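J.: missing the sequence, but the structure's below:
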């Protein structure tokens, strides 16, 4: 199940646990919800890191291309 699915499942468990007075189910739901939130944030961070790496690779390639052009001009 994906991040959002875990969050929804957790919210449902929390609500059912709260309504029925089942503290264990409520706690389990909170844990599921928080795990889903953490996975979502981790995915977002991973995407940002990948973007930074891609930009760094592009800049490195540009520097290498400029160096090659400079070498060919001599």
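T.: That came through, no problem. Predicted model, so just to flag it, every value in this text is computed and none were measured. Residues are numbered from 1 along each chain as shown.

J.: Please, where are all the helices along this protein?
T.: Ranges of helices within the chain are 3-20, 23-73, based on DSSP state H.

J.: Reformat these as CSV; add mean neighbour count and mean pLDDT.
T.: Where you see a C-beta, it was placed from the backbone N, CA and C, and this is true even at glycine. Formatted as CSV, the helices of the chain follow (neighbours: other C-beta atoms under 10 Å; pLDDT from 0 to 100):
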stretch, mean neighbour count, mean pLDDT
helix 3-20, 15, 95
helix 23-73, 12, 95
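
J.: how much space between the residue positioned nearest the centre of the chain and residue 32?
T.: Nearest to the geometric centre of the chain sits residue 43, at 1.2 Å (C-alpha atoms, centre = their mean). Applying C-beta to C-beta, to the nearest Å, the value for residue 43 to residue 32 is 17 Å.

J.: Kindly report the same for residue 5.
T.: Residue 5 is 10 Å from residue 32, by C-beta to C-beta.
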